[in-house]
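>>> No letters, just coordinates:
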Ligand SMILES: [Fe+2]
Ligand SMILES: [Fe+2]
């Protein structure tokens with residue numbers, strides 16, 4: 001077993017503990033965040049395999065922890081649940097918009113700060129910070145890979161439901177990493193198969 005593979009297994013074992021548990025603020029059951037994180041890790045890796053093999057391991061790690069900021073925010077979301085729901089309905093906004101509006105920052109920014117505290121490489125923390133808006137990453141390939149993987153996993157319905165129906169791929173994201181709709185569908189099918197087999 002290669003070192004990187006062993007590293008991935010160790011990272012996943014730690015991440016599984018951290019990312020499992022009910023999240024009443026976001027309305028996730030105990031496995032939802034873990035399943036989503038696993039799917040995004042797998043999808044990011046698959047895109048990197050096609051586009052830039054040097055970034056496979058970074059892509060996997062980034063996918064696994066990209067939404068870790070939600071764990072920190074969940075308690076605050078719960079405290080403001082009714083106001084957040086009203087804001088999202090009335091203003092037709094996403095949960096991400098609500099995080100920025102109510103707390104001044106979103107879960108991607110928090111996750112990126114957590115990466116810094118953990119001494120995770122800057123390349124990964126940057127991609128995580130920009131995972132919903134890769135255009136602010138100064139053309140960082142990993143940010144685009146992560147964003148596209150997050151979109152594919154979310155559209156595949158893995159882990160989350162409701163609020164993510166509004167998830168939008170940033171215009172130009174697919175062009176940036178040179179993936180077409182057919183490839184998106186192929187990757188989504190493979191991810192669904194892989195998740196089914198887990
Ligand atoms: Fe996210
Ligand atoms: Fe996500």
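Done, it's in. All figures in this text were calculated on a predicted structure; none of them were measured in a lab. Ligands and ions are numbered 1, 2, ... in the order given.
>>> Would you mind naming what in this structure lies close to ligand 2?
Residues of the chain lying close to ligand 2 by CB under 5 Å from the ion are 67, 150. Any C-beta I mention is one placed from the backbone N, CA and C, and that applies to glycine too.
>>> ok, now how distant is residue 60 from residue 33?
Remark: distance between residue 60 and residue 33 (CB to CB, to the nearest Å) = 17 Å.
>>> Determine the longest helix present in this protein.
Once the chain is assigned using DSSP state H, the helix that runs over the most residues is helix 32-51.
>>> Would you mark the buried spots in that one?
Of the residues in helix 32-51, those buried by neighbour count under the rule 16 or more other CB atoms under 10 Å are 32-48, 51.
>>> Flag the shaky bits of the protein, pLDDT-wise.
Counting by pLDDT under 70, the chain has low-confidence residues at 1-7, 10, 160-166, 198.
>>> What are the boundaries of the helices in it?
Across the chain, reading from the start of the chain, the helices by DSSP H fall at 3-19, 32-51, 56-65, 69-79, 81-91, 95-103, 107-117, 122-129, 141-155, 173-176, 181-197.
>>> which helices and strands sit right next to the longest helix of the chain?
Counting by 3 or more CB pairs under 8 Å, 6 or more residues apart in numbering; DSSP states H and E, the packing neighbours recorded for helix 32-51 are helix 3-19, helix 56-65, helix 141-155, helix 181-197.
>>> if we go to 10 Å?
Under the contact criterion of 3 or more CB pairs under 10 Å, 6 or more residues apart in numbering; DSSP states H and E, helix 32-51 touches helix 3-19, helix 56-65, helix 69-79, helix 141-155, helix 181-197.
>>> Off-centre distance for that helix?
Going by CA atoms, centre = their mean, to the nearest Å, the spacing between the C-alpha centre of helix 32-51 and its chain's C-alpha centre is 8 Å.
>>> now the angle between helix 122-129 and that helix, please.
For helix 32-51 against helix 122-129, the angle by axes from the mean of the first three to the mean of the last three CA atoms, to 10 degrees is 120 degrees.
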